[in-house]
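S.K.: Got a sequence here, can you model it:
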Amino acid sequence: LLCLQPLFLRNALQAVFLCLQATAQTSITTMSPTVPATTETYTRTQYCKWPCECPKSPPRCSVGVSLVTDGCDCCKTCARQRGETCTEADTCDFHRGLYCDYSGDRPRYEIGVCAQIVGVGCVLNGVRYKNGETFQPNCKYNCTCINGAVGCIPMCTNSRPPLVWCPNPKLIKMAGKCCEQWVCDDSRKIRKTSPRHISSAAYEGEDEAWQKNCIVHTSPWSPCSKTCGLGISTRISNDNEQCRLLKESRLCNMRPCEVDITQHIKPGKKCLAVYRANEPMNYTISGCVSKSPYRPKYCGICTDNRCCTPYKSKTIEVRFQCPEGTEFSWKIMWINACFCNLNCRNPNDIFADLAHYHDYSEIAN
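M.R.: Numbering: from 1, shown residues only. Prediction:
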């Protein structure tokens, strides 16, 4: 179409076209490009340093402050108390139920404040219960939720045959009743005395419990919170004057952290079930020392992926004396025997108790 126009008009149109093209190019080159906003990069502070550099002697903590291993798993340090700052290295006093709350240091989550652990609820059969709530999942049990753990008291007490001799006792579900009852097939052979091979003393505890209107129920002790060093084990029991389900705690020490137990395994063996130090020692808590020395047993270690756990233990009460002269007592787990097996449990796994380790359950005496 441009070729059909007169010459002067064609030259004018070309000039206008070239002018517009130059103007467009100039505007494109002069416009500053849009630069996206750069996000601020943050370098995380390294609180732990390896190899470990520890002082020759551990620090002396104030009375009531625990001497613990730092979060770097290196040195002994005084645990931070409620309201004090904490980091991945400076841990809070877990003996007092404290944890490091990093919620106020967003988005870094480096420096926190030691806060009290709030009791958590429980979930049983898909139903959620509040901390401290008492409920009955069925007619046979009365349960209470205590800080994530469920403790139950059996409502049915006929767990063994009554104090009569019957050749064929049977536990039968009765119509309209929740609990099964013992029934004897041959009433002619019933006698009101206990059989000779059953001591009446075996039933005395049950009679006393009924006289106090309380059926004593105590759960097994939980696994120690630490695989080495001083930790805490808990259980739920109503063995008290009020017959109330309460959470009990005891200290536990599965094995010392500073001892290489593998060096004590005999040649040709892969496990050492029980380790015991040659010399007695004193327990130390928060700068306070046990009044008597002890020579405890520890669970050993294996080199073939097996783990050694206690299957027979008891609880002893240890008296401590502080530098100022004050005294207090703590319950401590006393290991009598250990067993090495493949049923290894993570002490921090709250779902570990859902599995059944019935083959080698702990025997407490």
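
S.K.: Which SSE is immediately downstream of the helix or strand of the chain with the lowest mean pLDDT?
M.R.: Counting by mean pLDDT, DSSP states H and E, the chain has its least confident helix or strand at helix 204-211, which shows a mean of 39. Per DSSP states H and E, the first helix or strand lying C-terminal to helix 204-211 is strand 230-237.

S.K.: outside of that next one, which residues touch it?
M.R.: Residues from elsewhere that reach strand 230-237, judged by Cβ atoms under 8 Å, 6 or more residues apart in numbering: 68, 94-95, 144, 146, 149, 151, 216-225, 245-254, 285, 333, 347. Every residue, glycine included, has its C-beta placed from N, CA and C.

S.K.: List the buried residues in the helix or strand that that strand is followed by.
M.R.: Next helix or strand after strand 230-237 toward the C-terminus (DSSP H and E): strand 246-253. By neighbour count on 16 or more other Cβ atoms under 10 Å, the buried set for strand 246-253 is E248, R250, L251, C252, N253.

S.K.: Export stretch 119-131 to PDB, keeping only CA atoms.
M.R.: As requested, the backbone C-alpha atoms of stretch 119-131 are provided in PDB (Å, rounded to 0.1, in the frame of the first residue of the first chain):
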ATOM      1  CA  GLY A 119      -0.200 -31.100  81.300                       C
ATOM      2  CA  VAL A 120      -1.400 -32.500  78.000                       C
ATOM      3  CA  GLY A 121      -4.600 -34.400  77.400                       C
ATOM      4  CA  CYS A 122      -5.000 -38.000  76.400                       C
ATOM      5  CA  VAL A 123      -6.600 -39.900  73.500                       C
ATOM      6  CA  LEU A 124      -8.100 -43.300  74.100                       C
ATOM      7  CA  ASN A 125     -10.000 -45.300  71.400                       C
ATOM      8  CA  GLY A 126     -10.300 -42.100  69.300                       C
ATOM      9  CA  VAL A 127     -11.800 -40.000  72.200                       C
ATOM     10  CA  ARG A 128      -9.800 -37.000  73.500                       C
ATOM     11  CA  TYR A 129      -9.800 -36.300  77.300                       C
ATOM     12  CA  LYS A 130      -8.600 -33.300  79.100                       C
ATOM     13  CA  ASN A 131      -5.700 -33.400  81.700                       C
END
